[in-house]
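Asks: coordinates only, no sequence provided:
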């Protein structure tokens, strides 16, 4: 039996406040792919699951096959095509 692995924590870079009324999202399983340079983690290809005018919530799968997510400043985010991403969600529509 596999050992229990705790859920990864939500990483927050920059401002820690996000106004819930400003948050927008794409249709489920149609989130755009992005490339982000994260401090201490390097470049990650992810999906932008939620965003505001100046913050983006990204989701990616790490080397241990765990989902990771982080709120990052919007200026760190570059949109890419799914074909360019080093990781892609197998359940995309």
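Replies: Happy to help now that I have it. The structure presented is a predicted model; accordingly, all values stated were derived computationally and were not measured.
Asks: going by C-alpha atoms from here, please, whenever you check contacts or count neighbours.
Replies: Noted.
Asks: ends of stretch 12-19, how far apart?
Replies: End-to-end distance of stretch 12-19 (CA to CA, to the nearest Å): 14 Å.
Asks: what average pLDDT does that stretch get?
Replies: Mean per-residue pLDDT for stretch 12-19: 78.
Asks: contacts for it, please.
Replies: 52, 55, 70-73 (CA atoms under 8 Å, 6 or more residues apart in numbering).
Asks: which ones among those map onto strands?
Replies: Per DSSP state E, strands hold the following members of the contacts of stretch 12-19: 55, 70-73.
Asks: which ones are touching the residue nearest the centre of the chain?
Replies: Nearest to the geometric centre of the chain sits residue 58, at 1.6 Å (CA atoms, centre = their mean). Counting by CA under 8 Å, 6+ apart, residue 58 makes contact with 46-50, 69-72.
Asks: try it again at 10 Å.
Replies: 11, 31-36, 44-51, 68-72, 77 (CA atoms under 10 Å, 6 or more residues apart in numbering).
Asks: give me the beta-bridge partners of it?
Replies: residue 48, residue 70 (DSSP bridges).
Asks: against residue 40, how distant is it?
Replies: Applying CA to CA to residue 58 and residue 40 gives a distance of 16 Å.
Asks: quick one, phi psi at the closest residue to residue 77 other than its chain neighbours?
Replies: Distance criterion CA to CA, 6 or more residues apart in numbering; nearest residue to residue 77, sequence neighbours excluded, is residue 36 at 5.1 Å. With angles defined as degrees, to the nearest 10, residue 36 sits at phi -140, psi 140.
Asks: ok, how many other residues are close to residue 36?
Replies: Residue 36: 20 surrounding residues under other CA atoms under 10 Å.
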